[in-house]
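S.K.: no sequence for this one, just the structure:
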């Protein structure tokens, strides 16, 4: 079972993961003797540490390979051979690679499951799972049908929507449910047309968060992707916050720049640190499901 | 319970740690499922490996983050956000950071305990604990009152006392007890005045170790801190050694330069390798105390 | 018990390791509480990951020190002090170092066993063990006397035999048995004379693999050691392969360059990926033997 794109995870599987995570008990020894390889061709402290911890807390081990590019590659080895090598050592591979499509290539040659932890501007499905889980967890109630938790939510995405891999996958996933999307950004940073063309649900675009601040249930912000060439100014203002509903939530994949001011951190609607903690829980649940079943 | 400065550890707690370490038995599974994050903004093989081992030997796991500066920071994240992130993954954080005060900032935002493993020219309290423990262990006898082991010892510190973080904290700690301090160094490398001003006990300063070699119980040497701008010549000589008492001990936090010659390594008074081994034991004891109680 | 050179392993011990590995069962907790230090002064993803996994799969822990050269060494520490330090933290040290003889020096000062994982152009004995094990495993039959599995095999080594550390040790080891060696390379890349002078068995040299393709039982290829100054063209051709026996095997320590074409990967005689997997098994067996006996 490889997890390369968010489309590899059915809605049923996702909701089951969310529910499992809910009654997830730490099983200190569930993954004893299991080995995960964190194969990172570009650094990502947050993601690698999250998988590291998810494995460790269940008794598994992690081989951290951050220096691939500095070793085998300098001897001329290609991705396929590296993956086949690592697959002989590890029970599961978590791959971060700067090129779109690399995780798919890896999954094809690997004898063990591959989890895509980001392939350039491509996908990062476990980020999407933890994002969706954070929304689900906030809005789920004991009375709810788990499959209808997302229904009719107003999801506002603000920031660099053009280059944000995180946002693309999240939109794809949430579009499986009847939600309302509001995209807030300058025109030139709008989602790529192939993504909006493929959408089933309702969406609109504006340049001002104020247009949707009052009915937003989830505000998902992203930072300016300076390293991918983006450059514009925007951010959460006190005026925006005054318009927000009491039980809405503000999310951000972190790290942040100035768009998400620190004065908001203590607001109960600030969910971005809990969002990270949810990532750990979801990855624990996912690893256990893949490696030992339930 | 954060360990930011040596003053965070009471004399009672310290002695209890020393005694615990004495009857410390390896409990292979005491820290199963517990995760420590080694968050090192500057490299320190010795310290990170010591915490790594202290955790591993008791069944815990370690997330080694040596590359923070090369990932999140390049995306503009600050220390607070990094700490809050890491605190969602780990049960305890060991922080090494080039800036004085950083560990204190970290402890303020972290939901989990923070151990300062060196903040620039600031503190490095577990180094002080292992140094003090090495002295305590050597001079403790079954008959002793544990709290009086240090009493009346002649402690001679030699080297770059101005820039040596290790020395500053050790002096602060040992000054809680009635010991005699002898500082050996060129005038311009003497301890900062605010440290000697705050001392309760006796101390004197000389430029020649020969002045105190005969009555020294503990000689604590440090290397020239070239990377902090120090540059002078000194070292242990055969003439010094001839004056030493039989049961005195020579310590050094390592790594060393030429000041501590290799011909002395096989002398029974050379305690610097045992000193490192004591560091592992003290850290095991400390981690277990913080993470699971006793 | 240090493993510095292939000559540190007797033929009896080697065969016993091979047989143990055969009926090796994963013992998830055999190495609980044991700590291995991967002390790598130059990167080697493949080898370090293999030891990492071998330790982890049996419940042990690994301290990965890849950055020694960037920390202690910059403070002027030498190999001896580093080893003595690491030996206080770890139960066993795996050392990779660019200088010939470094592993021997390390073993002399270390209180814990040292395994040489490559010392420059010197030895890399566990690579030799896994290579030999791969041949042994392929040709052993239940009827065989284990000690005679290698007898009368035609071993063809092709590539840069002058600079290939792997090849030197393998030749030394296999020369303990009555095998036929065929060396295929340009004259200037032939094995050093001191190695061939010390050989007991039969050998010959040719520049063309075709001369021996038909009767070769094991073809062991190496890549051009560009980083050690070698530069010539050679490689496996379809014409060679047509001459091969059905049950011969092709080995390569990997990583490869163009000498070993990918079209051969799916041939049942391609053993180089299984060879890596064998490395994991042999190292598990070796670590358990050294650390806890059998």
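M.R.: Perfect, I can see it now. This structure is a prediction, so every number in the text was calculated from the model and none was measured.

S.K.: any weak-confidence spans in the stretch 51-200 of chain A?
M.R.: Scanning the stretch 51-200 of chain A for pLDDT under 70 picks out the ranges A:67-77.

S.K.: now the helices for the stretch 101-250 of chain A?
M.R.: For the stretch 101-250 of chain A, the helices defined by DSSP state H, counting those that start in this stretch occupy A:102-109, A:125-139, A:165-174, A:193-197, A:238-243.

S.K.: what are the buried residues along the fourth one?
M.R.: Put plainly, it is helix A:193-197. Under the neighbour-count criterion of 16 or more other Cβ atoms under 10 Å in any protein chain shown, helix A:193-197 has A:195, A:196 buried. The C-beta positions use only the backbone N, C-alpha and C, and glycine is treated the same way.

S.K.: domains in chain A, by residue range?
M.R.: Domain assignment for chain A by automatic domain parsing gives A:6-123+A:279-292, A:126-276.

S.K.: list the residues that contact residue A:37.
M.R.: Contacts of residue A:37 were listed using Cβ atoms under 8 Å, 6 or more residues apart in numbering or on different chains, and they are A:62, A:63, A:65, A:86, A:89, A:90, A:92, A:93, A:94, C:49.

S.K.: and chain B, which of those reach it?
M.R.: Restricting the contacts of residue A:37 to those touching chain B (Cβ under 8 Å from any Cβ of the partner chain) yields residue A:62.

S.K.: so which of the contacts of residue A:37 belong to helices?
M.R.: Among the contacts of residue A:37, the ones falling in helices (DSSP state H) are A:86, A:89, C:49.

S.K.: including neighbour count, could those go into TSV?
M.R.: Below are these laid out as TSV (neighbours: other Cβ atoms under 10 Å in any protein chain shown):
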residue	neighbour count
A:86	27
A:89	25
C:49	27
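
S.K.: between those, which is nearest chain B?
M.R.: Closest approach between those and chain B, by Cβ to the nearest Cβ: residue C:49, at 14.7 Å.

S.K.: quick one: residue A:172 from residue C:29, how far?
M.R.: Look at residue A:172 and residue C:29: by Cβ to Cβ, to the nearest Å, they are 43 Å apart.

S.K.: what does residue A:143 give?
M.R.: Noted for residue A:143: a distance of 45 Å to residue C:29, by Cβ to Cβ.

S.K.: quick one: which of those two has more around it?
M.R.: More crowded of residue A:143 and residue C:29, by other Cβ atoms under 10 Å in any protein chain shown: residue C:29, with 14 against 5.

S.K.: so what's that one up against?
M.R.: Contacts for residue C:29 (Cβ under 8 Å, 6+ apart) come out as A:32, A:33, C:58, C:59.

S.K.: could you redo the last one with a cut-off of 7 Å?
M.R.: By Cβ atoms under 7 Å, 6 or more residues apart in numbering or on different chains, residue C:29 lies in contact with residue C:59.

S.K.: check residue A:42 too.
M.R.: A:96, A:98.

S.K.: would you mind giving the secondary structure of it?
M.R.: Put simply, residue A:42 is coil when judged by DSSP: H, G, I helix; E, B strand; the rest coil.

S.K.: re the thing from before, which among the contacts of residue A:37 gets closest to chain B?
M.R.: Checking those against chain B by Cβ to the nearest Cβ gives residue A:62 as the nearest, at 7.9 Å.

S.K.: residue A:33: what secondary structure?
M.R.: Three-state call for residue A:33 (three-state DSSP): coil.

S.K.: and it, how far is that from chain C?
M.R.: To chain C, residue A:33 is 4 Å away according to Cβ to the nearest Cβ, to the nearest Å.

S.K.: please apply the same query to residue A:165.
M.R.: Counting by Cβ to the nearest Cβ, the gap between residue A:165 and chain C amounts to 26 Å.

S.K.: what about that residue, how many residues nearby?
M.R.: Residue A:165 has 21 neighbours, counted by other Cβ under 10 Å.

S.K.: which ones are touching it?
M.R.: Shown in contact with residue A:165 (Cβ under 7 Å, 6+ apart): A:118, A:121, A:122, A:123, A:124.

S.K.: rerun at 6 Å
M.R.: A:121, A:124 (Cβ atoms under 6 Å, 6 or more residues apart in numbering or on different chains).

S.K.: quickly check: the longest helix seen in chain A near chain B or not.
M.R.: When chain A is parsed with DSSP H, its longest helix is helix A:272-292. Yes: Helix A:272-292 reaches chain B (Cβ under 6 Å from any Cβ of the partner chain) through A:273, A:276, A:277, A:280.

S.K.: which non-adjacent residue is nearest residue A:105?
M.R.: Using Cβ to Cβ, 6 or more residues apart in numbering or on different chains and skipping the chain neighbours, the partner closest in space to residue A:105 is residue A:79 (6.2 Å).

S.K.: next one: phi and psi at that neighbour?
M.R.: Main-chain dihedrals, residue A:79, degrees, to the nearest 10: phi -60, psi -40.

S.K.: count of neighbours near it?
M.R.: Using other Cβ under 10 Å, residue A:79 has 20 other residues around it.

S.K.: can you give me the strands for the stretch 1-150 of chain A?
M.R.: In chain order, the stretch 1-150 of chain A shows strands spanning A:35-40, A:61-65, A:92-97, A:114-119, with DSSP state E, counting those that start in this stretch as the criterion.

S.K.: circling back to that earlier point, out of the helices of the stretch 101-250 of chain A, which gets nearest to residue C:1?
M.R.: Counting by Cβ to Cβ, residue C:1 lies closest to helix A:102-109 out of these; the figure is 37.4 Å.

S.K.: list the buried residues for that closest one?
M.R.: For helix A:102-109, by 16+ other Cβ under 10 Å, it's A:102, A:103, A:104, A:105, A:106, A:107, A:109.

S.K.: who's in contact with that helix?
M.R.: The contact list for helix A:102-109 (Cβ under 6 Å, 6+ apart) reads A:2, A:4, A:80, A:83, A:84, A:95, A:114, A:116, A:119.

S.K.: gap between residue A:165 and residue A:253?
M.R.: 9 Å.

S.K.: rewinding a little: of the contacts of helix A:102-109, select the buried ones using a PyMOL command.
M.R.: Buried members of those, defined by 16+ other Cβ under 10 Å, are picked up in PyMOL with:
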select buried, chain A and resi 2+4+83+84+95+114+116+119
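
S.K.: of the contacts of helix A:102-109, closest to residue A:134?
M.R.: Among these, and counting by Cβ to Cβ, the member closest to residue A:134 is residue A:116, at 19.8 Å.

S.K.: any idea how far that closest one is from residue B:270?
M.R.: Note on residue A:116: its distance to residue B:270, by Cβ to Cβ, is 53 Å.

S.K.: can you check residue A:222 too?
M.R.: Per Cβ to Cβ, residue A:222 is found 58 Å from residue B:270.

S.K.: higher neighbour count, the two?
M.R.: Counting neighbours by other Cβ under 10 Å for residue A:222 and for residue B:270 shows that residue A:222 has the greater number, 27 against 19.

S.K.: give me the spatial nearest neighbour of the more buried one, chain neighbours excluded.
M.R.: Closest to residue A:222 by Cβ to Cβ, 6+ apart is residue A:159, at 3.5 Å.

S.K.: related to what we said a few turns ago, so for residue B:196, which of the domains of chain A sits nearest?
M.R.: Shortest distance between residue B:196 and these, using Cβ to Cβ, is found for domain A:126-276: 40.1 Å.

S.K.: from one end of that closest one to the other, what's the distance?
M.R.: Terminal residues of domain A:126-276 are spaced 11 Å apart (Cα to Cα, to the nearest Å).

S.K.: report the contact partners of residue A:32.
M.R.: Residues near residue A:32 by Cβ under 6 Å, 6+ apart: A:59, C:28.

S.K.: leaving aside the residues next to it on the chain, what's closest to the residue at minimal distance from the centre of chain A?
M.R.: By Cα atoms, centre = their mean, the mean C-alpha position of chain A lies nearest to residue A:127, the distance being 1.2 Å. Of all residues not flanking residue A:127 in the chain, residue A:166 sits nearest, at 5.4 Å (Cβ to Cβ, 6+ apart).
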